[in-house]
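Q: mind looking at a prediction? Sequence and model below.
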Amino acid sequence: MAQILDPIPNDDNKTLLCCYVNATSQIQVARITNVEDWYFERVVFPGQRLIFEALPEAILEIHTGMMASAILSDTIPCGRLMMHNLGLEMETPFDPEPNTTASVAIAP
């Protein structure tokens, strides 16, 4: 997976494909600052899923706040965010039972 900005500074391809979901009702900022020569920061909107590559030693910081202030609300080792099932098949959206027309008897 290509990172749009700031490629990971490691050539040995030992990266993890990770996923973080903002399950709150607030905008969050996700940052990785503990990897030398690399800085990762993305805004994650409520309900949004962030998929990214990181090194195994990376720690994702989650900053939550309003307007000009933000509080470090969580730190998560990227190994805990690793995606395990990398199947390329997309799940089909929920499709309720097909519409059926019921015959209705109308009394005279």
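A: Noted; the coordinates are in hand.
Q: list the contacts for Val44?
A: Contact partners of Val44, counting by C-beta atoms under 8 Å, 6 or more residues apart in numbering, are Tyr20, Asn22, Ile27, Gln28, Val29, Ala30, Leu50. Every residue, glycine included, has its C-beta placed from N, CA and C.
Q: and what of Ile76?
A: Going by C-beta under 8 Å, 6+ apart, Ile76 touches Tyr20, Ile59, Leu60, Ile62.
Q: show me how to select, in PyMOL, the buried members of those.
A: Buried residues among those (16 or more other C-beta atoms under 10 Å), as a PyMOL selection:
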select buried, resi 20+59+60+62
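Q: let me know the closest of the contacts of Ile76 to Arg80.
A: Among these, Leu60 lies closest to Arg80 (C-beta to C-beta), at 8.9 Å.
Q: SS state for the closest one?
A: strand (DSSP: H, G, I helix; E, B strand; the rest coil).
Q: so, low pLDDT: which residues of the chain?
A: The model of the chain has pLDDT under 70 over residues 1-7, 9-13, 67, 84-108.
Q: for it, which segments count as strands?
A: 16-21, 28-32, 40-44, 49-54, 59-64, 71-77 (DSSP state E).
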